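Q: Fold the following, please.
(one chain, ligands or ions: 2)
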Amino acid sequence: MAFSKSSKIRRALQHIMGMHIAAESQERWSGPTTQLARYYTYMQAMSPPTVDNAGLGQPLLANGKGDAGAVPTLRRKKKGSKKETYWVDIEQPDVLESAPDLENGSGGRPLLLFRNKKVKRRILYPYRILIFARLIAVILFFIWRLKNNISDMIWLWGMSVAGDVWFGFSWLLNQLPKVNPIKSIPDLGALKKTCDLGEGRSSLPGIDVFVTTADPIDEPILYTMNCILSILAVDYPVDKNACYLSDDAGALVNYEALVETAKFATLWVPFCRKYCIEPRAPESYFELKAQSYICSSLEDFIIDHKYVHRKYDEFKMQIEMLPDTIRERSDTYNNIHINATFMADGTQWPGTWIDPTESHKKGHHASIVQIIVNQPSHIPQRGLPVCAKENVDFSTTDVRLPMLVYVSREKHPSYDHQKKAGAMNVQLRVSALLSNAPFIINFDCDHYINNSQSFRAAVCFMLDPREGENTAFVQFPQRFDNVDPTDRYCNHNRVFFDGTMLALNGLQGPSYLGTGCMFRRIALYGIGSPRRRADGVTTRTNIFGNSTSFLRSMLSPDQEQEMSLKLNEMAISELVDVMACAYEVCTGWGKDVGWIYNIATEDIATGFRAHRQGWCSKFCTIKPDAFRGTAPINLTERLLQIMRWSGGSLELFFSHSNPLFARGWLHPIQRVAYLNMTIYPITSIFIVVYGLCPMMWLLPGEFYIQRPFTRYVLYVIMIILMIHIIGVFEIKWAGITWMDWWRNEQFFMIGATSAYPTAVLYMLVKLVTGKGIQFRITSKQTSADTNDKFADLYVFRWVPLLIPTTLVFAVNVGAIGVALGKVILLNGSWTAVQMRHAILGLIFNIWVMALLYPFALAMLGKRGKRPIILLIVLPLAFITVGVTYCAIQYFLL
Ligand SMILES: O=c1ccn([C@@H]2O[C@H](COP(=O)(O)OP(=O)(O)O[C@H]3O[C@H](CO)[C@@H](O)[C@H](O)[C@H]3O)[C@@H](O)[C@H]2O)c(=O)[nH]1
Ligand SMILES: [Mn+2]
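A: Ligands and ions are numbered 1, 2, ... in the order given. Next comes the predicted model:
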C-alpha cells in the first residue's frame with residue numbers, strides 16, 4: 001500500500017494528467033498536496049479499499065468536502081467550512097426508539113438513514129422578522145396609496161395599484177413557504193450497516209434507470225452514451241440496477257451506439273471499480289486536470305489509465321463514424337426498389353430510416369425493444385489477469401455489467417405521442433415486465449451521474465424508518481457543466497435549486513423537476529401513500545391497460561425475479577404490446593397513472609399528483625454533486641425553455657389540478673408553494689406595463705402616476721430594498737452567492753418582459769382554442785466554433801418573444817435621452833421639484849437597465865464579449881436621442 005516514490009512514475013503521471021506538482025510538494029511526496037494524493041491518503045486513513053458489492057470503496061467520503069456525511073470523523077474535520085456554519089443538527093437519536101425490534105441497527109432497532117438540519121437561529125429569526133416587517137410595510141403602502149388617490153391619469157393609477165397588490169400577493173406566495181428551510185443529509189454509513197449482508201451481498205432495493213433521447217442530432221449521441229456509461233458504472237449492486245434507453249427517434253445510430261457502449265463498458269466499468277475513480281462519465285473524467293484514484297500501485301494505475309484513455313478515444317471515433325458506417329452498409333444492401341437502413345446483421349432496421357419512408361420515419365414506426373446486456377447473476381464475477389486479450393488486470397475486480405435495454409416505442413401519425421411523458425410511461429411498463437424494480441431514477445440524455453454514491457444517497461431517504469415508506473420521490477438539484485463563468489443567463493438558477501428546494505424540503509417536499517430524481521414505482525402508478533391508502537393496491541384493466549403481465553408485475557413488487565427465467569416465459573410480444581400506441585387508449589395512463597399528459601411541464605404535474613395523494617418528497621444535495629448536465633447558454637434557447645416552463649405552469653393552474661382547488665392531502669403551505677409555481681408568469685403583465693411607463697417622458701408636459709411623487713418613489717424604493725435585505729439572509733442559508741441572487745433578479749426581469757407574457761398569451765389562446773404549447777426539445781448542440789467553449793453565448797437569434805424586452809429597454813434608454821434633451825432645451829428653468837422628479841425617474845430607468853443588462857449584452861452578439869462596450873454604446877444612444885429630441889422640438893414645433 002505504500003505510495004511509490006519513483007520520480008519516473010511521477011513524471012509520467014504529470015505527463016498524462018497535465019498536473020503541476022509544486023517543487024515543495026515533490027519533496028514531501030509522502031505527504032503530498034495534490035488532489036490525487038489527498039484522495040489517496042484520506043482513503044488510507046479510513047479504511048483500505050475494500051471490494052464490496054461492486055468492488056468499490058466509498059469515494060464520496062474521500063473527497064472530504066462532502067456533507068453526504070457517511071463517516072462522522074471526516075465530517076467533523078470540515079466543521080469550519082463557510083456554508084455549513086449557518087445550519088445546525090436537529091437533535092435526534094441515531095436509531096428509531098419507538099421501533100421494538102428489527103435485525104438491523106444497534107440494539108436491534110432500525111438506524112436512521114438521514115439527518116435533518118435547520119437554519120441557525122441567528123439567521124433564521126432576523127430573516128423571519130424581516131419578512132414580517134416587509135409584509136406590514138407593503139400593507140401600509142397600499143393604505144397610503146388608496147388614501148392618496150391623486151394622479152394625472154387615474155386609469156393608470158388604478159392599474160398601478162392593481163399591479164402593486166399583485167406584486168405584494170405574489171411576493172407573499174413566494175416568501176411564505178421559505179420560512180422554515182430544512183436540509184436533509186443522507187447517512188451512507190448507516191445505510192451500509194442496514195443493507196450489508198456480508199460477502200458482497202446486500203439487501204439494497206432494485207433501481208430501474210430511465211434515460212430519454214429524442215433526436216440523435218439535437219441531442220448528441222456522445223452525451224447520451226456518457227450518461228449510460230455513468231449509470232452502468234454507478235456504485236450500486238450490479239444485479240439490482242437496470243438501465244433503459246428510450247429512443248424517440250427510433251434511430252439505428254442510437255441503437256448501434258448503445259451496442260458499442262456496452263462493449264466499451266466491459267472495460268470502462270471494471271476500470272472505474274478497480275480504481276474508484278470519479279466521475280464515471282468518461283468525457284468528464286478525462287477532462288479533469290487531476291484525476292483521483294485508489295489502488296496499491298501507482299504504476300498500474302498509470303498504465304491502465306493510459307490504455308483506457310486510448311480505448312475511449314477509439315470508442316468516440318467509432319461513435320462519430322457510426323452515421324457513415326450505417327449509410328455505407330445500407331448502400332451496399334440497397335437497390336433501386338428499396339432504400340432501407342440495414343443493421344449490422346443484414347436485416348432491415350424496424351425503426352426510422354436514413355431516407356424516411358412510410359412506417360419508417362420519425363413519427364411512424366414499429367416498436368423496438370432489445371436487451372443489450374442481460375441481467376447479471378447475483379454472484380460477483382472476477383475478470384482475467386493481464387493476458388493477450390485483456391490489457392488491464394481485472395483479476396480482483398467484479399466485471400459484471402447491469403442490465404441494459406434499448407426501447408423505442410411504436411409511433412403512428414394518428415396518435416398523440418405526448419413527448420417525454422409518453423416515452424417515460426412506455427419505459428415504466430417495459431421495465432415492469434423485465435426488472436420491475438421498486439425504485440426508478442430518470443435522466444435526460446444530457447445529464448450524467450457525477451457522484452457514484454448518489455443512488456445510495458437517494459435510497460437512504462426511501463428506506464428510512466421514519467418517513468421512508470411515505471416518500472414518493474427524492475429530487476436532486478440540477479447542476480450544469482457548460483455554463484459560462486459569470487452565468488450570464490442565470491442557468492445555474494441557484495436561488496431556485498438551493499433556496500426554494502431547501503425551503504420546500506421543510507414542508508411536504510420539493511417538486512419533481514424532471515431529471516435526477518428517484519421515484520417509488522407505486523407512486524408513479526398513481527397509488528396513494530400508505531398513510532392515506534385505505535385499501536391495498538387494486539389492478540384494474542380500465543386504469544392500467546390490459547396486459548396481464550403488467551398487472552401481475554404490480555402485484556409482486558420488490559420481488560426478486562430471475563430474469564432469464566422470466567424472459568423465456570414471456571414472449572417478446574408481451575413487451576411489444578405494452579409499447580404500442582393503442583395500449584393507453586381508454587386507460588388512466590397520462591392522467592391517473594404514470595407521467596401526466598397534455599402539459600408542457602409534465603414533471604411538476606406528476607410530482608403534484610403524488611403530493612396530493614399524501615406522499616412526501618425529499619430534497620437531497622451531496623458533494624460532489626450527484627448529477628450534472630448541460631443547459632442552454634444561448635439567450636434565445638434559454639428563453640424558449642423558460643417559456644415552456646412558464647406556459648406549463650399556467651396550464652397546470654387552468655387544469656383540474658389547480659393547486660388552489662385540487663382536493664387531496666396537501667400541506668396548506670405546500671399548496672401556497674404550488675400556487676406560486678403556477679401563477680408567477682402573470683406578474684409579468686404588470687412588469688411590462690411598469691417597464692413601459694417612462695414613455696411618459698416623451699409627452700411635453702409632466703405626468704405622474706401617483707402624487708406626491710417623491711413620497712411614492714421613496715416608498716417603492718424602500719419595499720424593493722427590503723426584498724434585497726431579506727435576500728442577504730436567504731443567500732446565507734441557501735449557501736449561494738450574491739451573484740447568484742443578482743442574476744436571478746436580472747433573469748426574472750428579462751423573462752418577465754419576454755417569455756412570461758408570451759406564455760400568458762399562449763395560455764389565453766389555449767383557453768379559447770384548446771391548443772397547447774409545443775414541447776420543443778432544448779437544443780444541446782453547441783455551435784460550430786470549437787475554439788470558444790462559450791461560443792453559443794454570443795449567438796443572438798431574433799424571435800418575436802424578444803420584442804417586449806427590446807421595447808422596454810428602448811423606452812428606458814429613450815427616457816434618459818429625452819430627459820437630457822429637456823434639460824438642454826429648458827436650459828436651467830427647471831424648479832427644484834422638477835429636478836428631483838427627474839432624478840427619481842432616472843433612478844427607475846437605471847434600475848430597469850441594470851436588470852436588463854444581460855439582455856443588452858446579448859443584443860451586441862459577439863461584441864458583447866467585452867461588456868465595457870456598453871459604456872460607450874449607451875451614452876451615445878442617450879445623446880443621440882437627446883439631440884434628436886431637441887432638433888424635433890426646435891425645428892418642427
Ligand atoms: O418527444 C420527446 C421530447 C423530449 N424527450 C426527452 O425529454 C428530455 C427533456 O428535454 P429537454 O429538451 O432537454 O428539456 P429541458 O428544457 O432541458 O428539460 C427540463 O424541463 C422539462 C419539462 O419541464 C423536464 O421534463 C426535463 O426533465 C427538465 O430537465 C430529453 O431527454 C429528451 O430526449 C423525449 O424523450 N421525447
Ligand atoms: Mn435538458
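
Q: was I right about residue 704 contacting residue 152?
A: Yes: with contacts counted by Cβ atoms under 8 Å, residue 704 reaches residue 152, the gap being 5.3 Å. Any C-beta I mention is one placed from the backbone N, CA and C, and that applies to glycine too.

Q: neighbour-wise, which of these two wins?
A: residue 704 (19 against 16; other Cβ atoms under 10 Å).

Q: which residues touch the more buried one?
A: If you count contacts by Cβ atoms under 8 Å, 6 or more residues apart in numbering, residue 704 has them with 151-152, 712, 837.

Q: hey, where'd the strands end up in the stretch 301-450 of the chain?
A: With DSSP state E, counting those that start in this stretch as the definition, the stretch 301-450 of the chain shows strands at residue ranges 368-373, 403-408, 439-444, 447-449.

Q: tell me what the second one is packed against?
A: I take that to be strand 403-408. Based on contacts counted as 3 or more Cβ pairs under 8 Å, 6 or more residues apart in numbering; DSSP states H and E, the elements that strand 403-408 packs against are strand 241-247, helix 252-275, strand 368-373, helix 419-434.

Q: rewinding a little: okay, the contacts of residue 704 in JSON lines with distance to ligand 1, pLDDT and secondary structure next?
A: Shown next, in JSON lines, are those (distance: Cβ to the nearest ligand atom, whole Å; pLDDT from 0 to 100; DSSP: H, G, I helix; E, B strand; the rest coil):
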{"residue": "151", "distance to ligand 1": "42", "pLDDT": "86", "secondary structure": "coil"}
{"residue": "152", "distance to ligand 1": "44", "pLDDT": "84", "secondary structure": "coil"}
{"residue": "712", "distance to ligand 1": "40", "pLDDT": "93", "secondary structure": "helix"}
{"residue": "837", "distance to ligand 1": "44", "pLDDT": "88", "secondary structure": "helix"}
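
Q: picking up where we left off before, who wins for proximity to residue 455 among the helices and strands packed on strand 403-408?
A: Of all the helices and strands packed on strand 403-408, strand 241-247 sits nearest to residue 455, with 7.5 Å by Cβ to Cβ.

Q: Would you mind getting the angle between that closest one and helix 252-275?
A: Strand 241-247 runs at 160 degrees relative to helix 252-275, counting by axes from the mean of the first three to the mean of the last three Cα atoms, to 10 degrees.

Q: follow-up on the earlier one: among the helices and strands packed on strand 403-408, which is nearest ligand 1?
A: Ranking the helices and strands packed on strand 403-408 by distance to ligand 1, with Cβ to the nearest ligand atom as the measure, places helix 419-434 first at 3.6 Å.

Q: How much space separates the residue of the stretch 651-800 of the chain found nearest ligand 1 from residue 491?
A: In the stretch 651-800 of the chain, the residue found nearest to ligand 1 is residue 778; the distance is 3.5 Å by Cβ to the nearest ligand atom. Computed as Cβ to Cβ, to the nearest Å, the residue 778 to residue 491 distance reads 11 Å.

Q: Same check on residue 427?
A: When distance is defined by Cβ to Cβ, residue 427 is 27 Å away from residue 491.

Q: Next: residue 351.
A: Look at residue 351 and residue 491: by Cβ to Cβ, they are 33 Å apart.

Q: Specify which residue of those two has the higher count of neighbours.
A: Residue environment comparison for residue 351 versus residue 491 gives the larger neighbour count to residue 351, 23 against 20, counting by other Cβ under 10 Å.

Q: Can you check what pLDDT the model gives that one?
A: What the model reports for residue 351 is a pLDDT of 96.

Q: got it, and the one 4 residues further on?
A: Listed pLDDT for residue 355 reads 92.

Q: Tell me, how many residues neighbour it?
A: In terms of burial, residue 355 registers 12 neighbours under the definition other Cβ under 10 Å.

Q: Same question for residue 421.
A: As a burial measure, residue 421 scores 24 neighbours (other Cβ under 10 Å).

Q: In contact with it, which residues?
A: Remark: with contacts taken as Cβ under 8 Å, 6+ apart, residue 421 is in contact with 590, 594-597, 602, 606.

Q: Among those, which ones are in strands?
A: Here DSSP state E is the test, and these give no hits in strands at all.

Q: Near ligand 1, which residues of the stretch 151-300 of the chain are found?
A: Counting by Cβ under 6 Å from any ligand atom, the residues of the stretch 151-300 of the chain lying close to ligand 1 are 212-214, 219, 246, 248.

Q: Measure how buried the nearest residue to residue 578 once chain neighbours are set aside is and give me the count.
A: Taking Cβ to Cβ, 6 or more residues apart in numbering, and ignoring the residues beside it in sequence, residue 578 has residue 429 as its nearest neighbour in space, at 4.0 Å. Summarising burial for residue 429: neighbours were counted as other Cβ under 10 Å, giving 26.

Q: Find the residue ranges of this structure scoring beneath the pLDDT cut-off.
A: Low-confidence segments of the chain, defined by pLDDT under 70, are located at 1-84, 99-107, 387-390, 535-536, 557-571, 773, 775, 781-786, 893.

Q: show me what contacts the closest residue to ligand 1 within the chain?
A: Among residues of the chain, the one nearest ligand 1 by Cβ to the nearest ligand atom turns out to be residue 514. It sits 2.3 Å away. Remark: with contacts taken as Cβ under 8 Å, 6+ apart, residue 514 is in contact with 420, 442, 444, 601-603.

Q: Out of these, who's the most crowded?
A: Each of these was scored for neighbours by other Cβ under 10 Å, and residue 601 scores highest at 28 neighbours.

Q: pretty sure that residue is touching residue 650, no?
A: No: the pair residue 601 and residue 650 fails to qualify as a contact (Cβ under 8 Å) at a distance of 9.8 Å.

Q: circling back to that earlier point, residue 200: which of the helices and strands packed on strand 403-408 is closest?
A: Closest approach to residue 200 among those is made by helix 252-275 (12.1 Å; Cβ to Cβ).

Q: Doesn't residue 513 lie inside a strand?
A: No: read with DSSP: H, G, I helix; E, B strand; the rest coil, residue 513 is coil and lies in no strand.

Q: wait, it sits on residue 602?
A: No: using Cβ under 8 Å, residue 513 is not in contact with residue 602; the gap is 11.2 Å.

Q: list the contacts for residue 885?
A: Counting by Cβ under 8 Å, 6+ apart, residue 885 makes contact with 817-818, 820-822, 825.

Q: Drop anything exposed from these.
A: Among the contacts of residue 885, those that count as buried by neighbour count (16 or more other Cβ atoms under 10 Å) are 817-818, 820-822.

Q: Adding distance to residue 409, write these out as TSV.
A: Putting the buried ones among the contacts of residue 885 into TSV (distance: Cβ to Cβ, whole Å) gives the following:
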residue	distance to residue 409
817	57
818	59
820	62
821	63
822	65
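
Q: So which of those residues sit within helices?
A: Here DSSP state H is the test, and those give 817-818, 820-822 as lying in helices.

Q: This completes my enquiry, with thanks.
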